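Trainee: would you be able to build a 3D model of this:
(one chain, ligands or ions: 3)
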Amino acid sequence: MVNVKIITNIFSKEADYYILPVYKNFNFRKFVSGKIADEIASLIKKNQIDYDYCKKSIFNFRDGEIRKIFFLGLGVVENLTTEKIRQAAGFAIKELKTFNAKSISTIPWFEEIDKQVAQLEGLLLASYHYQAPKKENKEKTIENIYITNFKKGILGDTVNICKNVYLLRDLMNMPSNIVTPSYIEQKAKEIARQYKLKIKVYSKEQARDMGMGAFYAVAKGSNEPAKFIVMEYNGNKKSNKKIALLGKGITFDSGGISLKPQSSPLSKIEDMRFDMSGAGVVLYLMKTVAELKLKLNIIGIMPVTENLPSGSAYKPGDILKTLSGKTVEVISTDAEGRLILADAITYAIKNYSPYIIIDIATLTGGCVVALGHYATGLMGNDKELIEEMKKSGEETGERMWELPLWDEYKEQIKSKNADLKNYGGGDAATITAGCFLKEFAGDVKWLHLDIAGTAYGVLNKHYIPEGVAGTGLRVIFNFLKKLEKED
Ligand code: BES
Ligand code: ZN
Ligand code: MG
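Mentor: Ligands and ions are numbered 1, 2, ... in the order given. Below you'll find the predicted structure:
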């Protein structure tokens with residue numbers, strides 16, 4: 001994992017490259033002085049440095065030793081959103097990796113706090129590297145980031161959040177024969193022990209005995225022991241208000257008896273190890289809120305299981321009794337995420353009476369069709385919370401787009417044989433999945449984040465180096481931080 005160190009001036013520590021921003025009116029003399037500063041001024045005068053957005057110019061300077069400076073073009077600053085800064089920082093790191101840079105040093109590119117945070121996020125998130133289990137590993141990685149002159153107080157939180165995104169990406173990258181439900185249980189227990197969080201873990205039989213017929217049905221086809229994990233963080237002892245965070249934790253989604261093909265236009269079956277991303281987000285959010293001591297009470301619920309076909313697997317046509325008492329007709333065993341989440345929603349309501357429920361899941365292929373890889377599908381039953389979450393999406397670069405849960409769509413999941421069916425056909429498949437979950441939230445304020453397109457497979461975003469994005473952690477943390485202020 002990359003180290004971030006605060007130094008006193010950009011050259012005070014030996015680095016392979018020094019990153020300086022270039023845009024109109026940037027006063028580099030505040031950070032660089034002497035002979036090098038004069039040489040830079042003359043390069044600028046001779047138009048040798050490219051000011052355009054995400055363009056690089058590299059020059060060597062001699063100052064006792066050779067200093068390689070990477071000039072990062074930032075273009076027209078008036079157009080520069082925090083997301084563009086994050087991207088530009090990611091671009092610089094991506095380029096520098098190809099030059100085999102191990103250590104880089106930089107300064108704040110702007111005065112504003114939110115821009116400095118975005119810069120750090122971009123540098124850190126782009127420096128992520130997954131160590132695949134190979135004998136020979138030739139991957140180029142950044143080991144040290146030295147920074148100077150940043151505003152006080154922003155470094156700690158930003159580094160913490162980004163390091164938790166690293167852990168989330170690692171969990172996602174590891175294969176499903178390692179990241180089993182038991183592995184996630186073990187990580188949850190480690191976090192609980194370290195931060196003194198309450199934790200409960202139920203087996204599939206215990207879940208069945210408690211009435212979670214939907215979770216049990218999905219779990220019973222696999223020999224890998226399923227885990228229904230509940231973590232509690234009490235950051236505000238004076239309040240009894242609780243927020244429940246729920247994450248879909250399918251460590252491998254084969255589709256079950258409704259078996260998936262090897263590949264479809266939307267996905268390759270081996271990618272279905274990422275179907276635990278929602279649970280991963282919740283797991284590392286629990287760690288983040290504990291580390292950063294958020295003054296909120298948060299319950300993290302992770303139903304974790306494989307979805308496999310076998311002699312004991314659930315089948316299309318089965319009728320399941322959920323914890324809520326509602327019955328569900330199984331149309332497709334591949335629509336398993338909404339089943340385990342339905343029981344998780346009811347479990348949260350029955351045991352904790354939360355005032356807000358947020359669930360996050362790689363729930364539907366339809367979401368990838370609708371929004372591609374650059375927006376999370378956002379649904380819910382509370383207009384204000386939806387707007388707040390959208391705003392958090394803009395602020396963090398983890399953007400969201402709302403889809404409607406109109407009553408008309410509910411017709412598609414009506415069943416003759418049960419209260420609901422688990423699949424409403426190909427039309428508006430993301431929305432009908434949302435409608436299904438809405439039935440279980442009842443009148444509790446609830447948000448649903450479909451990250452099927454944004455958790456992984458994200459290309460062309462410079463700060464997401466390997467496609468595995470780990471989307472959800474930063475945006476929900478930002479959202480929680482705002483609730484903390486309101487409270
Ligand atoms: N985990 C998948 C959704 C998914 C698909 C995520 C592609 C990421 C990429 C989910 O469990 C699923 O299988 N959904 C199906 C349901 C349908 C066939 C009943 C879908 O949306 O295609
Ligand atoms: Zn799934
Ligand atoms: Mg499925």
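
Trainee: what is whichever helix in the chain runs longest packed up against?
Mentor: Criterion DSSP state H: the longest helix present in the chain is helix 154-173. Applying 3 or more Cβ pairs under 8 Å, 6 or more residues apart in numbering; DSSP states H and E, we find helix 154-173 packed against strand 3-6, helix 113-126, helix 277-291, helix 473-486. Where C-beta positions appear, they are placed from N, C-alpha and C, glycine not excepted.

Trainee: can you tell me what sits against it?
Mentor: With Cβ atoms under 8 Å, 6 or more residues apart in numbering as the contact definition, helix 154-173 has outside contacts at 1, 4, 6, 113, 116-117, 120-121, 124-125, 128, 130, 132, 147, 179, 184, 187, 273-274, 276-277, 280-281, 283-285, 287-288, 291-292, 455-456, 466, 468-470, 473-474, 477.

Trainee: could you identify the helix or strand that succeeds the helix or strand containing residue 39?
Mentor: According to DSSP states H and E, residue 39 maps onto helix 34-45. On the C-terminal side of helix 34-45, the nearest following helix or strand under DSSP H and E is strand 56-63.

Trainee: what pairs with that next one, parallel or antiparallel?
Mentor: Sheet pairing of strand 56-63 (DSSP bridges) gives strand 65-73 (antiparallel).

Trainee: distance between the strand it pairs with and the chain's centre?
Mentor: Its chain's average C-alpha position is 33 Å from that of strand 65-73, according to Cα atoms, centre = their mean, to the nearest Å.

Trainee: next, the angle from the helix holding residue 39 to strand 56-63.
Mentor: Orientation check (axes from the mean of the first three to the mean of the last three Cα atoms, to 10 degrees): helix 34-45 against strand 56-63 gives 150 degrees.

Trainee: spell out which parts of the protein neighbour ligand 1.
Mentor: Within the chain, the positions near ligand 1 by Cβ under 6 Å from any ligand atom are 253, 255, 266-267, 275, 332, 334-337, 362-366, 368, 423, 429, 452.

Trainee: how many other residues sit next to residue 407?
Mentor: 7 (other Cβ atoms under 10 Å).

Trainee: sorry, that was for residue 485
Mentor: Neighbour count of residue 485, defined by other Cβ under 10 Å: 7.

Trainee: cool, residue 429 as well?
Mentor: 20.

Trainee: how close does it get to ligand 2?
Mentor: Counting by Cβ to the ion, to the nearest Å, the gap from residue 429 to ligand 2 is 12 Å.

Trainee: any idea which helix or strand comes after the longest helix of the chain?
Mentor: Under the assignment DSSP H and E, the closest C-terminal helix or strand after helix 154-173 is helix 181-195.

Trainee: what lies in contact with the next helix or strand after that next one?
Mentor: Later in the chain than helix 181-195, the nearest helix or strand by DSSP H and E is strand 198-202. Residues from elsewhere that reach strand 198-202 (Cβ under 8 Å, 6+ apart): 185, 188, 189, 192, 210, 227, 228, 229, 230, 231, 232, 234.

Trainee: what about the residue lying closest to the second one once chain neighbours are set aside, which SS state?
Mentor: Once flanking residues are discounted, residue 188 sits nearest to residue 229: 5.1 Å by Cβ to Cβ, 6 or more residues apart in numbering. With DSSP: H, G, I helix; E, B strand; the rest coil as the basis, residue 229 sits in strand.

Trainee: what's the answer for residue 18, then?
Mentor: Per three-state DSSP, the secondary structure class of residue 18 is strand.

Trainee: re the thing from before, chain center to the helix holding residue 39, what's the gap?
Mentor: A distance of 42 Å separates the centroid of the chain from that of helix 34-45, by Cα atoms, centre = their mean.

Trainee: likewise for stretch 415-434?
Mentor: So, by Cα atoms, centre = their mean, the centroid of stretch 415-434 is 27 Å from its chain's centroid.

Trainee: distance between the ends of that stretch?
Mentor: 16 Å (Cα to Cα, to the nearest Å).

Trainee: likewise for stretch 373-384?
Mentor: OK, stretch 373-384 end separation, Cα to Cα: 25 Å.

Trainee: are any of the contacts of helix 154-173 buried, and if so which?
Mentor: Buried positions within the contacts of helix 154-173, assessed by neighbour count (16 or more other Cβ atoms under 10 Å), are 4, 116-117, 120-121, 124-125, 128, 147, 179, 184, 187, 273-274, 276-277, 280-281, 283-285, 287-288, 291-292, 455-456, 468-470, 473-474, 477.

Trainee: and residue 16, how many residues sit next to it?
Mentor: Burial of residue 16 is recorded as 17 neighbouring residues (other Cβ under 10 Å).

Trainee: and it, what does it touch?
Mentor: Contact analysis of residue 16 by Cβ under 8 Å, 6+ apart lists 68, 96, 99, 100, 101, 102, 103, 104.
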